[in-house]
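Chemist: Turn this into a structure:
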Amino acid sequence: MASSTQASRYEDIIERYIASLLRGKGEELNSYLVQVESNQTVVGTKAITRCYMVKSNAQTMPRVEDLALRLADFMIDYAIPRSEIKKAKNLDSEENTTLHTSALARKARKLFTKLKKTGEGGELLLYLLIQSVLRLPQVISKMSLKTSNQMHYQGADAVHMGYDASTQKLQLYWGEAKLYQSLDQAITNCFKSLSPYLISPGGAEDPRERDMQLLLTNLDLANSELETAILNYLDPHHPSYNLLEYRGACLIGFDSSSYCKTPFDKTQEIVMEELKSSLTSWLGKINSGITKHQHLNKFTLEVFLVPFPSVQDFRDKFLEAIS
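Modeler: Numbers count the residues shown, from 1 in each chain. All right, here's what the predicted structure looks like:
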């Protein structure tokens, strides 16, 4: 059994190094998305919603293509394990080149599917929202575990982590991104996919088991001390496992008719007011989606609502951006 001194040392390591895993300054999407409403509590649940809209250009048209191109800039950070990125950077520094990092961009691009109905643009957007808004780093690069770029990864769309020093709990965030033309369908499928990762009783039938095993065998934080400390929380036989707290993070994307369809049709401010007027209805739908699943309302959920002019157009633009 670990001593209290050793446990305290691990806590210091976790608190110090989790913050060091964050990339960027949290401003990566500021030119492409604008917040419609923040920190709206869903009554009767522990869910917090944040609604964002696609920003308009000078002609008041939504910048969907620009957003897709921006997401493509983060392919390496999202898809390639930290240890590989670190190695490439070190080699580039030694050789005074960008050759090795450029090779990672090519490798990352090949990991993305070319399927027209791909949801990977939404998954990458969720990754950036969790990191830039919630300031929670990604634990594992799941894209690198795909066996084929003609299929999607089976399992949770994202795994991020945080740490609460006051409770000494490691917070593991399971993420799901759902983009549909219909808001109702996006909500239904999002919480249907997320709930088994939070409310499963555990044991041999636990749907989290595969992803937990992947975490145990593929955890890549580019820091051996941090990995040792985190693995204690993920080990069912270690006392720290009882301080592992599951949480959820969701991206719900859907079509909205509020955006301009022709240049100078209406200002961004008018579009935002139209979206705001729908928020109460949207929150009610989220409440219904959560309460359909027993006990899901007891879990902390971070819900990002992103209305698009067209979800399919966003998918198409993302495929173009990564090709």
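Chemist: Outside of the helix or strand containing residue 78 itself, list whatever touches it.
Modeler: In the assignment (DSSP states H and E), residue 78 maps to helix 75-79. The set of residues external to helix 75-79 that reach it, using C-beta atoms under 8 Å, 6 or more residues apart in numbering, is 23, 85, 101, 104-105, 108-109, 111-112, 124, 127-128, 138, 141, 143-144, 322. The way it works is simple: take the backbone N, C-alpha and C, and place the C-beta from them, glycine included.
Chemist: Which is the succeeding secondary structure element to that helix?
Modeler: Beyond helix 75-79 in the direction of the C-terminus, DSSP H and E gives the next helix or strand as helix 82-95.
Chemist: Helices of this protein, residue ranges please.
Modeler: Taking DSSP state H as the criterion, the chain carries its helices at 4-20, 64-72, 75-79, 82-95, 99-111, 120-129, 183-199, 209-218, 224-234, 268-291, 311-322.
Chemist: Give me the pLDDT value at residue 209.
Modeler: Here the pLDDT value assigned to residue 209 is 74.
Chemist: Residue 194 versus that one, what's the distance?
Modeler: Using C-beta to C-beta, to the nearest Å, we find residue 209 at a distance of 16 Å from residue 194.
Chemist: more crowded one of the two?
Modeler: Neighbour count, other C-beta atoms under 10 Å: between residue 209 and residue 194, residue 194 has more, with 26 against 13.
Chemist: Just give the number of residues close to the nearest residue to that one once chain neighbours are set aside.
Modeler: Distance criterion C-beta to C-beta, 6 or more residues apart in numbering; nearest residue to residue 194, sequence neighbours excluded, is residue 176 at 4.5 Å. Other residues within reach of residue 176 by the criterion other C-beta under 10 Å amount to 24.
Chemist: With the one 10 residues further on instead?
Modeler: The criterion is other C-beta under 10 Å. On that basis, residue 186 has 26 neighbouring residues.
Chemist: Now it: closest residue in space that isn't a chain neighbour?
Modeler: What sits nearest to residue 186 in space, not counting adjacent residues and going by C-beta to C-beta, 6+ apart, is residue 180, at 4.1 Å.
Chemist: how close does residue 81 sit to residue 227?
Modeler: Taking C-beta to C-beta as the measure, residue 81 and residue 227 are separated by 12 Å.
Chemist: Now for those two: what residues contact both?
Modeler: Common contact partners of residue 81 and residue 227 (C-beta under 8 Å, 6+ apart): residue 220.
Chemist: more crowded one of these two?
Modeler: Applying other C-beta under 10 Å to residue 81 and residue 227 shows that residue 81 carries more neighbours, namely 19 against 13.
Chemist: How about the contacts made by the nearest residue to the more buried one once chain neighbours are set aside?
Modeler: Distances taken as C-beta to C-beta, 6+ apart place residue 220 nearest to residue 81, at 4.3 Å, with adjacent residues excluded. Counting by C-beta under 8 Å, 6+ apart, residue 220 makes contact with 81-83, 140-141, 227.
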